[in-house]
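**Student:** My questions are about this predicted structure, shown below with the sequence.
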Amino acid sequence: MQNINARWMRAMFLAGSVMVGGMCAMTAVNTAYAGPVSEKIIVAHRGASAYLPEHTLESKALAYNMGVAYLEQDLAMTRDNELVVVHDHYLDRVTDVAEKFPDRARADGRYYVIDFDLAEIKTLNFTEGFNVVDGKRVQSYPNRFPMFTSTFKIHTFAEEIEFIQGLNRTMGKDIGLYVETKAPWFHKQEGKDISKATLEVLKKYGYTSRESNVLFQTFDYPDLKYVKDTLMPELGIDLKTVILITGNDSKETYELKDGKWEPYDFNYLLNPENFAEIAKYADGMGPAYNMLFDLKKTTKGHIVVNDLVTNAHKHGMVVHPYTVRADALPDYANNVDELYQAILIDADADGVFTDFPDLGVAFLKKHEQK
Ligand code: G3P
Ligand code: CA
């Protein structure tokens with residue numbers, strides 16, 4: 001399951017065949033691409049986040065020992081320019097910031113990472129995610145780790161790299177980083193370059209080439225182009241990248257157009273006519289897993305796949321959809337194995353992000369034996 005490079009090389013080789021071979025070769029690619037299950041990977045989404053609060057080092061350690069290929073880091077930047085591992089670029093969903101710093105919310109009621117120094121953030125208690133409903137905290141996934149029990153702290157990106165590299169040494173493994181810069185557009189609006197800071201830390205810790213065990217992911221396609229065209233050459237590094245895709249409703253990314261910040265149109269990234277261009281910047285795609293299916297034809301227990309993965313493979317890109325949660329299955333899946341089957345086997349995705357890395361690893365093991 002760890003042989004990610006073999007899968008990448010297969011994709012690149014077959015993409016080359018398509019370019020010289022025309023339609024007949026394309027058909028062959030679709031069949032030939034379906035590489036061994038042993039080359040598919042499980043990515044621990046925010047760690048083993050179904051079992052311990054997301055992005056805690058404890059959650060990363062648990063996932064590490066579950067047999068994943070990559071541990072995910074989402075990054076935001078503090079007021080004093082430190083990178084911290086946290087999913088949102090605000091703190092209120094996963095900490096007690098509202099209690100400890102009641103006067104520091106912005107007009108929208110949120111407590112932004114960028115308004116706090118690292119030392120202040122380190123005083124917070126990090127917990128299982130919740131929403132505030134009628135003034136009360138309600139845990140988002142009720143059966144997960146109990147909110148505000150035990151003690152967890154937010155850590156820096158450098159601390160997480162040292163943790164994983166330390167584990168790689170003591171455990172004799174080579175588990176990779178799967179790093180996402182959160183909302184680069186927002187950091188730019190605030191005068192900060194989160195991607196540059198991220199790449200500088202990666203370089204400092206020895207992640208400099210396409211052979212380095214790291215994937216750089218982002219929802220911000222304009223920023224990815226800047227990363228590839230400007231930042232990586234300036235820093236003298238070249239890392240593998242993945243472009244993340246979501247629906248336009250999410251308003252996940254904004255781009256600067258004629259001096260105005262406007263929501264980014266993710267339809268561009270879903271149109272196969274653009275895949276050759278996208279592949280100049282991205283080694284892989286990270287769509288929501290729904291995007292792999294024809295939802296009009298899908299019924300419960302009968303998931304119909306579309307050609308997104310096939311088209312990505314034709315252009316040498318791997319596909320790592322997000323995020324499988326056994327405790328939040330879509331209506332059309334009877335159980336989590338049915339969903340893993342549809343994503344990893346039927347659609348032939350190369351890997352998947354999951355909150356339940358143990359179940360993903362077990363699924364692939366079962367299929368390797370078939
Ligand atoms: O980065 C892949 C997946 O994590 C994207 O979703 O919102 O959990 O970062 P999100
Ligand atoms: Ca992420």
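**Tutor:** All right, it came through fine. Numbers count the residues shown, from 1 in each chain. Ligands and ions are numbered 1, 2, ... in the order given.

**Student:** Pull the number of nearby residues for the residue of the stretch 51-200 of the chain found nearest ligand 1.
**Tutor:** With CB to the nearest ligand atom, the shortest gap between the stretch 51-200 of the chain and ligand 1 falls at Glu180, namely 4.7 Å. From N, CA and C alone the C-beta is placed, and that goes for glycine too. Per other CB atoms under 10 Å, the neighbour tally for Glu180 reads 22.

**Student:** residues contacting it?
**Tutor:** 72-75, 217-219, 244 (CB atoms under 8 Å, 6 or more residues apart in numbering).

**Student:** make it 10 Å
**Tutor:** 46, 72-75, 87, 198, 215-220, 242, 244, 286 (CB atoms under 10 Å, 6 or more residues apart in numbering).

**Student:** Looking at these, which two lie furthest apart in space?
**Tutor:** Arg46 and Asp220 (19.0 Å; CB to CB).

**Student:** Give me the next element, helix or strand, following the lowest-mean-pLDDT helix or strand in the chain.
**Tutor:** Using mean pLDDT, DSSP states H and E, the weakest-scoring helix or strand in the chain turns out to be helix 4-33, at a mean of 45. As assigned by DSSP states H and E, the chain's next helix or strand after helix 4-33 is strand 41-44.

**Student:** could you check whether that next one is close to ligand 2?
**Tutor:** No: figure legend: strand 41-44 not in contact with ligand 2 (CB under 5 Å from the ion); closest approach 9.3 Å.

**Student:** For that strand, which strands pair with it and how are they oriented?
**Tutor:** The strands that strand 41-44 pairs with in its sheet are strand 70-77 (parallel), strand 351-354 (parallel) (by DSSP bridges).

**Student:** Kindly state the beta-bridge partners for whatever residue of the stretch 251-370 of the chain ends up closest to ligand 1.
**Tutor:** Closest residue of the stretch 251-370 of the chain to ligand 1, CB to the nearest ligand atom: Tyr322 (3.7 Å). Following DSSP bridges, Tyr322 is listed with bridge partners Ala288.

**Student:** could you say which helix or strand contains Leu177?
**Tutor:** Per DSSP H and E: strand 176-181 holds Leu177.

**Student:** Quick one: end-to-end length of stretch 43-53, please.
**Tutor:** 16 Å (CA to CA, to the nearest Å).

**Student:** Let me know how buried the closest residue to Ile42 other than its chain neighbours is, in neighbour terms.
**Tutor:** Of all residues not flanking Ile42 in the chain, Gly360 sits nearest, at 3.9 Å (CB to CB, 6 or more residues apart in numbering). Summarising burial for Gly360: neighbours were counted as other CB under 10 Å, giving 31.

**Student:** thought Gly360 was touching Gly351?
**Tutor:** Yes: between Gly360 and Gly351 there is a contact under CB atoms under 10 Å: 8.9 Å.

**Student:** May I have the beta-bridge partners of the residue of the stretch 101-250 of the chain found nearest ligand 2?
**Tutor:** Closest residue of the stretch 101-250 of the chain to ligand 2, CB to the ion: Glu180 (4.1 Å). Beta-bridge pairing of Glu180 under DSSP bridges involves Asp74, Gln217.

**Student:** how close does it get to Leu231?
**Tutor:** For Glu180, the distance to Leu231 equals 16 Å [CB to CB, to the nearest Å].

**Student:** which stretches of the stretch 251-370 of the chain form strands?
**Tutor:** For the stretch 251-370 of the chain, applying DSSP state E, counting those that start in this stretch gives strands covering 254-257, 260-263, 284-287, 318-319, 351-354.

**Student:** mind checking which of the ones you listed is nearest ligand 2?
**Tutor:** Using CB to the ion, the nearest of the strands of the stretch 251-370 of the chain to ligand 2 is strand 351-354, at 7.3 Å.

**Student:** And ligand 1, is the closest one touching that?
**Tutor:** Yes: Strand 351-354 reaches ligand 1 (CB under 6 Å from any ligand atom) through Phe353.

**Student:** What separation is there between Val309 and Asn143?
**Tutor:** On the measure of CB to CB, Val309 and Asn143 end up 31 Å apart.

**Student:** Check Asn335 too.
**Tutor:** Following CB to CB, the distance that separates Asn335 from Asn143 is 16 Å.

**Student:** Between the two, point out the one with more neighbours.
**Tutor:** Between Asn335 and Asn143, Asn335 has the larger neighbour count (other CB under 10 Å), namely 12 against 8.
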